[in-house]
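[1] predicted coordinates and the sequence they were generated for:
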Amino acid sequence: MVSISIEGANKFKYWQIRTMVSTWVAYAVFFIMRKSLAMAMPGMQADLGISKAQLGIFLTLSGIVYGISRFTNGFIVHKFMARNFITCGLIICAVCNFIFGFSSTIFVMGIIWIIHGWAQGMGWPPNARLLPHWIVPEELATKMSWWNTSHCVGAVAILLSGGYLATLGWRYVFFVPSFLAIAIAIVLWFLIYDTPSSVGLPEITFGENYKRSQDKKEQSAEYKKFIKKQVFRNPYVWIIAVSNLFVYALRFAILDWGPTLLKEWKGMHLAHAGWMVAAFEISGAIGIIFCGWITDKYFNGKGPRVCAIAMALASSFIFLFWNTIDASVLVSLLFLVASGFCIYGTQSLLLVSVSNIATKRAAAVANGFVGIFGYTSTILTGVLLGLVTDKFGWKTSFGLLIFLGVIGTILLSFAWKAKATGYDSLETE
């Protein structure tokens, strides 16, 4: 980073914190709306007679569309202000949630939820592009780990409130977050600025070669060549991307189906099931922070190494949860919480790692690419898990998850030798 005065450093720190807090709130609200469906599903089954397989189709289609949107918007976001993307995405999601809450026809609800999935894809790319402009690579794992707790907090908020809102009717699980999102979007419009230069501060720099590549137009042939090299021809980006599918499969299986699973398999009240899955999320937030800290502190920023270890542990804890389902609620909770700690630590670090490996200029595209694989996992955790559960029950479904966790661990081990960042390779060109 270029040297600046003490006054300039203090100003930069203020704007860095303001940007991180504002975008943290934005992404938390995106997640509140995205996971409303998880808390509404038991009520929708009872009220509308929707099967688990049909609910799984909702999850799968929305997830795939979200992944495509996130990838596509990774390219488009470079042409617009991040603030525009974030606030417009929030408002579109709010409108979709509101309409979905009024709907009763499966076809109409499916169309609305697909549109909602696309708008959700407007949340991550602007943040992936914006935050590396405010955080140096040496601190990215730690600070982005704190920032990544946003989706955990958003999920906890809807898991805790959703069980009680559902007592008024499952439709309220969609209505209340819609009004919240619109109010937050209006406030954020005045708080978010894209880059240090937009507020009169110098940009973070990494040497002359990187500066020259950054200064060229993003539409140029050179930029396309840069993206191909740093993202699509980078074997470690591919390993992270494919591994992300299996990490997200574990995460979504518990987050999307957890309340229903605990209600049916453990006989819990929906509100109590929401608290239990919320504990999974809270432990995940702690895991995100811990894994980010330990990566910078003891692994020299080499996130894939921590991810491989954490994924192996996550698979082990899910096995224990699966194998001791007849144990007490407390024992099951402990294994669920431990798995959340490891799953979210892995998921967060994969995105941080690919941002550093691809460099900030290609971070949004790389994150979008990795995101496609992550949200393709909804084919497994949506339709497939719904069908398997309808036919064979939850015990068989969770046996499938353990198998997916083992595959993810093996894949991540192939990224063990990846460098912490891709900036060094640019300077040797």
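    Thanks, I have the structure now.

[2] close enough to count as contact, W394 and T260?
    No. Look at W394 against T260 with Cβ atoms under 8 Å: they stay out of range, at 9.2 Å. C-beta coordinates here come from the backbone N, C-alpha and C atoms, glycine included.

[3] among the two, which residue is more densely surrounded?
    T260 (22 against 19; other Cβ atoms under 10 Å).

[4] can you tell me the SS state at I192?
    When classified by DSSP: H, G, I helix; E, B strand; the rest coil, I192 comes out as coil.

[5] need the contact list for it.
    For I192, the contact set (Cβ atoms under 8 Å, 6 or more residues apart in numbering) comprises 19, 22-23, 26, 82-83, 86, 130.

[6] and these, which is closest to Y164?
    Y164 has its nearest neighbour among the contacts of I192 in A26, at 24.5 Å by Cβ to Cβ.

[7] can you name the residues that contact the residue positioned nearest the centre of the chain?
    Centroid-nearest residue in the chain, with Cα atoms, centre = their mean: H151, separated by 6.5 Å. Applying Cβ under 8 Å, 6+ apart to H151 gives the contacts 27-28, 30-31.

[8] flag the shaky bits of the stretch 151-300 of the chain, pLDDT-wise.
    Scanning the stretch 151-300 of the chain for pLDDT under 70 picks out the ranges 205-219, 266-267.

[9] all strands of it, in order?
    Assigned by DSSP state E, counting those that start in this stretch, the strands in the stretch 151-300 of the chain number zero.

[10] if we can go back for a sec, just checking, which of the contacts of H151 belong to helices?
    27-28, 30-31 (DSSP state H).

[11] among these, who's most crowded?
    Using other Cβ under 10 Å as the neighbour test, these are led by F30, with 26 neighbours.

[12] now that one: how far from V242?
    Using Cβ to Cβ, to the nearest Å, F30 is found at 25 Å from V242.

[13] likewise for I357?
    The gap separating I357 from V242 is 15 Å, by Cβ to Cβ.

[14] tell me which of these two has more neighbours.
    Each of I357 and V242 has its neighbours counted (other Cβ under 10 Å); I357 has more, 26 against 17.

[15] what helix or strand is that one located in?
    Element membership of I357 [criterion: DSSP states H and E] is helix 329-358.

[16] and that helix, what does it pack against?
    Helix 329-358 is packed against helix 137-147, helix 235-265, helix 270-298, helix 303-323, helix 363-376, with contacts defined by 3 or more Cβ pairs under 8 Å, 6 or more residues apart in numbering; DSSP states H and E.

[17] list the buried residues in it.
    Neighbour counts over helix 329-358 (16 or more other Cβ atoms under 10 Å) mark 332-358 as buried.

[18] and what of stretch 129-146?
    In terms of neighbour count (16+ other Cβ under 10 Å), stretch 129-146 has its buried residues at 129-135, 137, 140-146.

[19] now it, how far from the centre of its chain.
    Stretch 129-146 sits 16 Å away from the centroid of its parent chain (Cα atoms, centre = their mean, to the nearest Å).

[20] then stretch 124-139?
    With Cα atoms, centre = their mean, you get 15 Å for stretch 124-139.

[21] output that stretch as PDB - backbone C-alpha positions only.
    Extracted C-alpha coordinates of stretch 124-139, given in PDB (Å, rounded to 0.1, in the frame of the first residue of the first chain):
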ATOM      1  CA  TRP A 124     -22.000 -11.100  -3.400                       C
ATOM      2  CA  PRO A 125     -20.200  -9.900  -6.600                       C
ATOM      3  CA  PRO A 126     -20.100  -6.100  -5.700                       C
ATOM      4  CA  ASN A 127     -18.800  -7.000  -2.300                       C
ATOM      5  CA  ALA A 128     -16.100  -9.300  -3.800                       C
ATOM      6  CA  ARG A 129     -15.000  -6.500  -6.100                       C
ATOM      7  CA  LEU A 130     -15.300  -3.700  -3.500                       C
ATOM      8  CA  LEU A 131     -13.700  -5.100  -0.300                       C
ATOM      9  CA  PRO A 132     -10.200  -6.000  -1.800                       C
ATOM     10  CA  HIS A 133      -9.900  -2.300  -2.700                       C
ATOM     11  CA  TRP A 134     -10.100  -1.500   1.100                       C
ATOM     12  CA  ILE A 135      -8.200  -4.500   2.600                       C
ATOM     13  CA  VAL A 136      -4.500  -5.400   1.900                       C
ATOM     14  CA  PRO A 137      -3.900  -9.100   1.000                       C
ATOM     15  CA  GLU A 138      -2.000  -9.700   4.200                       C
ATOM     16  CA  GLU A 139      -5.100  -8.900   6.200                       C
END
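
[22] pLDDT of that stretch, averaged?
    In this model, stretch 124-139 has a mean pLDDT of 78.

[23] what's the neighbour count on the residue nearest to I184 when sequence neighbours are not counted?
    Leaving aside its sequence neighbours, I184 sits nearest to V29 (Cβ to Cβ, 6 or more residues apart in numbering; 5.0 Å). A count of nearby residues for V29, using other Cβ under 10 Å, gives 27.

[24] go on, R251?
    Using other Cβ under 10 Å, R251 has 25 neighbouring residues.

[25] for it, which residues are in contact?
    Shown in contact with R251 (Cβ under 8 Å, 6+ apart): 343-344, 347.

[26] closest to A278 out of the residues you listed?
    The nearest member of these to A278, counting by Cβ to Cβ, is Y344 at 13.1 Å.

[27] run a quick check on that closest one versus I282, I expect a contact.
    No. If you go by Cβ under 8 Å, Y344 and I282 don't touch, sitting 9.9 Å apart.

[28] quick check: neighbours shared by these two?
    Common contact partners of Y344 and I282 (Cβ under 8 Å, 6+ apart): C152.

[29] about what we covered before: G162: which of the helices and strands packed on helix 329-358 is closest?
    Closest to G162 of the helices and strands packed on helix 329-358 is helix 270-298 (Cβ to Cβ; 5.9 Å).

[30] mind giving me the packing neighbours of that closest one?
    On a contact count with 3+ Cβ pairs under 8 Å, 6+ apart, helix 270-298 meets helix 36-48, helix 137-147, helix 149-168, helix 235-265, helix 303-323, helix 329-358.

[31] got a markdown table for those, with distance to T378 too?
    Compiled in a markdown table, the helices and strands packed on helix 270-298 are given as follows (distance: least, Cβ to Cβ, whole Å):
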| stretch | distance to T378 |
| --- | --- |
| helix 36-48 | 12 |
| helix 137-147 | 24 |
| helix 149-168 | 16 |
| helix 235-265 | 6 |
| helix 303-323 | 18 |
| helix 329-358 | 14 |
